[in-house]
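Participant: Okay, here's the prediction I keep looking at, along with the sequence it came from:
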Amino acid sequence: MRRVTGFPAAKQKEVLSVLTLNTSDGQELQEPPSCLADTFKLLPLTAQSHQGRCMTLIRKECLGPEIKLGRQDVQGPCILTHISIRAVKGREFHLVLINGHLAPFKEGESKRFQQVAEALDKARVLCPYANAYLIAGDMNMRENETAPMCSRLGLVDGWEATGKPQRHRYTWDTTRNLYYENGMMYKARYDRLMWTRNSEVSVRWGLQVIDKSASEDPHCFFSDHFGLLVQLDLGDQSS
């Protein structure tokens, strides 16, 4: 059973400032709080997962002559969004964002692999000339899935690429986040930010877990998962 508690507006604003003030230009979300609408544009397509719908948001001030939204598409529980950016290293840069909420539970490993593979295939059809393909979200992956998926699909795991910072390893921690009453107490790294190995991206500063509560109760959070935040430079290739 989910815990019910208050989320005062002041506390929400304090936590969400991490996203709105730290140059977070895009959000890939499964459970977005409505107060993000003041800063971010909700893109039209959503994707139905096994639980809830996924959606993609872009910071409103980013949209304009230099940054244009292309087509979107849906593949299973993933949304694909093509974005073109002018004047990156003197040329136009094409990026495809893939936002997904993959199959749950340990026994869902083969299904998750299939979902990522199919989303990448469709992303390459959506924009075959993209300079970068990024995939992020609640991927429900276990640690032992990372290396085989990266090897077989040609992906880079963002946490590993930023030096495996232990402070920012766990995106699920029910010893601190009591989102569910009487839930099992454990930590896991279920969420991922990954990109294709030939993507022209480099990490400006490392992957961070956003784990600050917006509740009167410090053990209650917006979601059962923590968020991930990273800043990437486009037009460079680090992996």
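Facilitator: Received, thanks. Source: prediction; values computed, not measured.

Participant: Every contact and neighbour count from this point should use C-alpha atoms.
Facilitator: OK.

Participant: Show me the shaky parts of the protein.
Facilitator: Applying pLDDT under 70 to the chain flags the ranges 1-35, 214, 238-239.

Participant: Going along the chain, name the helices of it.
Facilitator: Ranges of helices within the chain are 9-21, 109-126, 143-153, 158-161, based on DSSP state H.

Participant: List of residues touching the last one?
Facilitator: Yep, that's helix 158-161 we're talking about. The contact list for helix 158-161 (C-alpha atoms under 8 Å, 6 or more residues apart in numbering) reads 165, 169, 192, 193, 194, 195, 206, 207, 239.

Participant: Let's see that with 10 Å instead.
Facilitator: By C-alpha atoms under 10 Å, 6 or more residues apart in numbering, the residues outside helix 158-161 that reach it are 136, 146, 164-166, 168-169, 189, 192-195, 202-203, 206-208, 228, 230, 238-239.

Participant: So which of these belong to strands?
Facilitator: Mapping the contacts of helix 158-161 onto strands (DSSP state E) picks out 136, 192, 193, 194, 195, 202, 203, 206, 207, 208, 228, 230.

Participant: are any of the contacts of helix 158-161 buried, and which?
Facilitator: The neighbour-count criterion (16 or more other C-alpha atoms under 10 Å) marks 136, 168-169, 189, 192-195, 202-203, 206-208, 228, 230 among the contacts of helix 158-161 as buried.

Participant: Kindly indicate which of those lies nearest residue 183.
Facilitator: Proximity of those to residue 183 (C-alpha to C-alpha) peaks at residue 189, which lies at 17.0 Å.

Participant: one step back: can you list the helices of the chain in JSON lines and add distance to residue 88?
Facilitator: Formatted as JSON lines, the helices of the chain follow (distance: least, C-alpha to C-alpha, whole Å):
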{"stretch": "helix 9-21", "distance to residue 88": "23"}
{"stretch": "helix 109-126", "distance to residue 88": "21"}
{"stretch": "helix 143-153", "distance to residue 88": "27"}
{"stretch": "helix 158-161", "distance to residue 88": "22"}
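
Participant: how far away is residue 116 from residue 109?
Facilitator: The gap separating residue 116 from residue 109 is 11 Å, by C-alpha to C-alpha, to the nearest Å.

Participant: er, residue 96 I mean
Facilitator: Separation of residue 96 from residue 109 (C-alpha to C-alpha) stands at 24 Å.

Participant: Neighbour count: the two, which is higher?
Facilitator: Taking other C-alpha atoms under 10 Å, residue 96 and residue 109 do not tie; residue 96 has more neighbours (28 against 19).

Participant: any idea how far the residue lying closest to residue 88 once chain neighbours are set aside lies from residue 205?
Facilitator: Leaving out its chain neighbours, the residue that sits closest to residue 88 by C-alpha to C-alpha, 6 or more residues apart in numbering is residue 235, at 6.2 Å. In this view, residue 235 and residue 205 are 16 Å apart by C-alpha to C-alpha.

Participant: With residue 121 instead?
Facilitator: Residue 121 sits 29 Å away from residue 205, going by C-alpha to C-alpha.

Participant: what's the answer for residue 230, then?
Facilitator: Going from residue 230 to residue 205 by C-alpha to C-alpha gives 7 Å.

Participant: and the nearest residue to residue 190 once chain neighbours are set aside, how far is that from residue 210?
Facilitator: Spatial nearest neighbour of residue 190, chain neighbours left out: residue 140 (4.5 Å); criterion: C-alpha to C-alpha, 6+ apart. According to C-alpha to C-alpha, residue 140 stands 17 Å off from residue 210.
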